[in-house]
Structures are given as C-alpha cells and as structure tokens.
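Undergrad: quick one: sequence and predicted model below, then my questions.
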Amino acid sequence: MTRVHNFSAGPAALPLEVLQQAKEEMLDWRGSGMSIMEMSHRSKEFVSVAETAEKNLRELMAIPDDYAVLFLQGGASLQFAMAPLNLSQPGDRVDFLYTGQWGKKAIAEAKKFCDVHLAASSESDGFCSVPAADQWQLSESAKYVHYTENETIGGVQFHSIPEVGDKPLVCDMSSSILSRPVDVSRFGLIYAGAQKNIGPAGLTVVIVKKELLGKAREGTPSMLDYQVHAGADSMSNTPPTYGWYLAGLVFEWLKKKGGVAEMAKINANKASKLYAAIDDSDFYRNPVAVDSRSLMNVPFILADQSLDTLFLEQAEAAGLMNLKGHRSVGGMRASIYNAVSEESVDALIAFMHHFEKTRG
Ligand code: PMP
C-alpha cells in the first residue's frame with residue numbers, strides 16, 4: 001500500500017488509523033454481523049455510536065450544556081441559508097465580517113432573507129487580511145454577526161474571536177474547527193462541513209446555543225429548522241450515519257492525540273515551518289498579511305508562474321498531491337489540516353527547496 005502526502009483542501013486527508021479501523025469494521029461492526037452503514041439509525045448500536053461521537057465532540061471542544069450539537073446534511077453551504085432562516089425575521093439586518101470567497105457565498109445567500117450589512121471587508125486588498133477591529137462598523141440593530149473563521153481559498157484566518165457585544169456571533173468554522181481550542185460560549189452558532197477536520201463529506205456539524213432555537217421564521221421547511229433537529233437528536237429524518245460514525249472515530253483519534261490543545265501546537269509548528277520556507281525564498285510568495293495567515297490553508301505563488309505546471313507535475317511524481325490552488329485564484333495551496341502529518345509538511349518543504357534549486 002502506498003499513501004501519498006495529501007494536501008487536498010477538502011474532502012481532505014483523514015488519519016490513517018481511522019481509515020484502518022473503518023476498514024476492519026466495514027463488514028462486521030463489532031460482532032453485529034453487518035456494516036454500520038447497513039444498520040437502522042434507530043438501532044441501539046447506531047444510537048450508541050451517535051451518542052459517543054457527540055459526547056466526545058463536546059469534550060474535545062468543551063461545549064457547554066446550553067448548546068445543542070447537531071449532525072446534519074447539506075454541507076456548510078446549506079448553513080448559509082439555515083442561519084438567516086433560524087436567527088432572523090424578514091427585513092432584519094445582519095452584519096458580516098467579509099474576508100473572502102466563502103464569506104461572499106454566505107452573504108449572497110443571506111441577502112435572499114435579510115438586510116445584509118458589511119461591517120468590515122477586506123475586498124479592497126484582495127482578501128489578503130482580516131480588517132482591524134477598530135475599523136469595523138457593527139450595526140446597532142443587527143440580529144447577529146457572521147464571519148468565516150478561516151477562508152479556505154484565500155488562506156486568511158481570524159486569530160481571535162471577534163468582539164461583537166451582546167449580538168449572537170455566527171461562525172463558519174468549516175476549515176478550522178478542532179484545529180485549536182475555541183471558547184464556544186462566545187458563539188451563538190458554529191457550523192462546519194465535515195470534510196476537512198471532522199470526517200467525510202456529507203456531514204455538517206452545527207453547534208447552536210439553545211436559547212436561539214425555536215425562533216425560525218414562518219414557512220421555514222422543517223428540515224431547515226434547527227429546533228426540529230435538536231428536538232429529535234438529529235434523527236428527525238435519516239442522518240448521514242456513516243459520516244457520523246467516521247466523525248466519531250476521528251474524535252476518538254483526536255482524544256488519543258491529546259485533544260485540540262495538542263493539535264494546536266502541532267498545527268502551529270507545521271504552519272510556521274511552511275511559511276518560513278516560503279518567506280525565506282524569493283522564488284515563492286504568500287500574499288496574506290502575516291497576522292492573518294491561515295494555519296490550515298497555505299496558498300503560495302511561484303515568482304515565475306510559467307513553472308506552475310512543472311511544479312505540480314514534479315510534486316505529484318514525488319507523491320505530493322493536490323497542491324493546485326483553487327481555480328478562482330490559481331497558484332498553489334497546501335492544506336495542512338489535523339490529519340496532515342508533520343512529515344508530509346517536511347516532505348513538501350524539501351521538495352520546494354529542491355525545485356527552487358533546480359529551476360530557480
Ligand atoms: N465554508 C468554507 C470555509 C469552506 O471551506 C467550504 C468548502 N470548502 C464551504 C463553506 C462549503 O462547504 P460545503 O461544500 O460543505 O457546502
């Protein structure tokens with residue numbers, strides 16, 4: 001078996017131990033004689049898997065009891081609509097801190113339901129920074145404030161939780177959840193597509209303060225109402241059982257690794273090595289303001305962009321996969337989520353040095 005160094009932005013690398021365990025349990029989940037995929041979501045076996053996963057996620061993120069944790073479908077993109085449907089009424093104003101392409105999509109969706117106000121935007125600098133907090137213009141009347149903690153495409157990350165007074169803070173944490181500790185009590189709503197740091201695509205994790213439930217606007221379809229899912233332990237309809245199970249394995253893996261505080265140290269170390277390799281060279285460049293750089297997605301461009309194709313070809317030949325930047329921005333991007341090992345980052349850095357020496 002050969003496993004490559006996988007720098008995919010998502011669906012992304014999963015821990016090898018998790019995949020191995022899933023493989024071992026594939027045909028006969030713990031003596032049940034069937035795959036976990038073949039079981040009723042209401043069976044006591046699956047319910048125990050589901051409950052354990054939630055318990056472990058609560059433990060890993062220190063989620064307070066007055067928050068519901070939901071395991072849903074529809075991706076983070078559906079949350080772009082569910083957040084306004086559940087947390088605002090027609091005509092209400094909502095504030096956005098706008099730092100990139102995923103924020104743009106969340107804003108476009110929210111505009112269908114709300115009066116969207118851009119309280120801050122880094123569009124004028126090409127989304128290469130998080131605007132300074134003293135420049136934000138938060139609205140008195142906003143029902144909530146939304147931000148994208150880590151912009152997966154631009155590689156721009158908030159490194160502190162925005163101060164928004166008593167407004168519920170809504171966070172798209174798709175590409176940074178579980179990468180470092182966060183104080184969940186500061187948020188009204190956190191959502192994340194699973195396919196980066198949680199598990200396979202098809203599962204979306206939502207963490208919502210219970211006092212915000214039960215206020216969806218009239219006409220909200222049941223499946224888009226957080227209260228409906230919270231009231232049924234995310235089993236109002238058939239949940240994404242396999243994704244939920246695999247997420248549970250990832251949570252157990254994270255606990256064994258020492259939890260998110262330990263992950264944060266490893267992630268900071270991986271990112272700082274990679275940024276140092278980029279900054280120490282005139283051959284590679286990262287355009288993001290140093291204090292806003294992402295610890296999860298590291299975009300970089302080659303000084304001579306005519307070498308992009310060759311870089312990617314030779315990287316692949318060396319077992320370094322999925323380094324092509326997002327189609328909207330070009331260049332390269334290395335996604336270095338929890339499951340991407342320090343050895344993979346070292347291999348990438350060694351390759352970058354080698355490529356620079358031979359082509360630079
Ligand atoms: N938000 C962020 C920050 C993302 O990175 C992504 C996907 N890459 C999305 C939202 C959209 O997620 P999904 O494809 O699960 O709808």
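TA: Yep, that arrived. All values derive from a computational prediction rather than experimental measurement.

Undergrad: drop to CA atoms for contacts and neighbour counts, all remaining ones
TA: Will do.

Undergrad: show me where this structure has its strands.
TA: Secondary structure of the chain (DSSP state E): strands located at 5-6, 67-72, 93-98, 115-121, 145-148, 150-151, 156-157, 169-172, 189-193, 204-209, 284-285, 297-302, 320-321, 332-335.

Undergrad: got TSV for these, with mean neighbour count and distance to the ligand too?
TA: Output for these, formatted as TSV (neighbours: other C-alpha atoms under 10 Å; distance: least, C-alpha to the nearest ligand atom, whole Å):
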stretch	mean neighbour count	distance to the ligand
strand 5-6	22	16
strand 67-72	24	11
strand 93-98	26	12
strand 115-121	18	16
strand 145-148	26	6
strand 150-151	28	5
strand 156-157	28	10
strand 169-172	24	6
strand 189-193	26	4
strand 204-209	24	7
strand 284-285	18	22
strand 297-302	24	10
strand 320-321	20	17
strand 332-335	26	11
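
Undergrad: including mean pLDDT and distance to Ala22, could the ones you listed go into a markdown table?
TA: Listed next are the strands of the chain as a markdown table, based on pLDDT from 0 to 100; distance: least, C-alpha to C-alpha, whole Å:
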| stretch | mean pLDDT | distance to Ala22 |
| --- | --- | --- |
| strand 5-6 | 98 | 19 |
| strand 67-72 | 98 | 19 |
| strand 93-98 | 98 | 38 |
| strand 115-121 | 98 | 42 |
| strand 145-148 | 99 | 31 |
| strand 150-151 | 98 | 29 |
| strand 156-157 | 98 | 32 |
| strand 169-172 | 99 | 28 |
| strand 189-193 | 99 | 20 |
| strand 204-209 | 98 | 20 |
| strand 284-285 | 97 | 39 |
| strand 297-302 | 97 | 27 |
| strand 320-321 | 98 | 23 |
| strand 332-335 | 98 | 24 |
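
Undergrad: could you report the neighbour count for Ala142?
TA: Neighbour count of Ala142, defined by other C-alpha atoms under 10 Å: 18.

Undergrad: how near is it to Gly219?
TA: Ala142 is 22 Å from Gly219, where distance means C-alpha to C-alpha, to the nearest Å.

Undergrad: if we can go back for a sec, could I get the strands of the chain as JSON lines with distance to Leu178?
TA: Formatted as JSON lines, the strands of the chain follow (distance: least, C-alpha to C-alpha, whole Å):
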{"stretch": "strand 5-6", "distance to Leu178": "19"}
{"stretch": "strand 67-72", "distance to Leu178": "14"}
{"stretch": "strand 93-98", "distance to Leu178": "22"}
{"stretch": "strand 115-121", "distance to Leu178": "26"}
{"stretch": "strand 145-148", "distance to Leu178": "15"}
{"stretch": "strand 150-151", "distance to Leu178": "12"}
{"stretch": "strand 156-157", "distance to Leu178": "14"}
{"stretch": "strand 169-172", "distance to Leu178": "13"}
{"stretch": "strand 189-193", "distance to Leu178": "10"}
{"stretch": "strand 204-209", "distance to Leu178": "12"}
{"stretch": "strand 284-285", "distance to Leu178": "28"}
{"stretch": "strand 297-302", "distance to Leu178": "14"}
{"stretch": "strand 320-321", "distance to Leu178": "23"}
{"stretch": "strand 332-335", "distance to Leu178": "15"}
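
Undergrad: any idea how far the longest helix anywhere in the chain is from the middle of the chain?
TA: Secondary structure of the chain per DSSP state H: the longest helix is helix 259-279. On the basis of C-alpha atoms, centre = their mean, to the nearest Å, helix 259-279 sits 17 Å off its chain's mean C-alpha point.

Undergrad: got the contact list for it?
TA: 60-61, 178-181, 254, 257, 284-286, 295-296, 298, 300, 336-338, 342, 345, 349 (C-alpha atoms under 8 Å, 6 or more residues apart in numbering).

Undergrad: please apply the same query to stretch 80-89.
TA: Here stretch 80-89 makes contact (C-alpha under 8 Å, 6+ apart) with 105-107, 109-110, 113-114, 143-144, 170, 212-217, 220, 224-226.

Undergrad: just stretch 100-109 next, same as before
TA: Contact with stretch 100-109 is made by 77, 80-81, 96-98, 116, 122-123, 127, 147-148, 151-154, 156, as judged by C-alpha under 8 Å, 6+ apart.

Undergrad: kindly recompute the last result at 7 Å.
TA: Applying C-alpha atoms under 7 Å, 6 or more residues apart in numbering, the external contacts of stretch 100-109 come out as Phe80, Ala81, Phe127, Tyr147, Thr148, Glu151, Ile153, Gly154.

Undergrad: the fourth one contacts Phe96, correct?
TA: Yes - here Tyr147 reaches Phe96: they are 5.9 Å apart, a contact under C-alpha atoms under 7 Å.

Undergrad: quick one, grab the pLDDT at Gly360.
TA: Per-residue confidence (pLDDT) for Gly360: 67.

Undergrad: residues of the chain that sit close to the ligand?
TA: Gly75, Ala76, Ser77, Trp102, Asn150, Glu151, Thr152, Asp172, Ser174, Ser175, Gly193 (C-alpha under 6 Å from any ligand atom).

Undergrad: contacts only, for the fifth one.
TA: In other words, Asn150. Taking C-alpha under 7 Å, 6+ apart, one finds Val156, Gln157, Phe158, Met173, Ser175, Ser176, Ser294 in contact with Asn150.

Undergrad: how many other residues sit next to the residue nearest to Leu254 when sequence neighbours are not counted?
TA: Distance criterion C-alpha to C-alpha, 6 or more residues apart in numbering; nearest residue to Leu254, sequence neighbours excluded, is Val260 at 7.1 Å. As a burial measure, Val260 scores 22 neighbours (other C-alpha under 10 Å).
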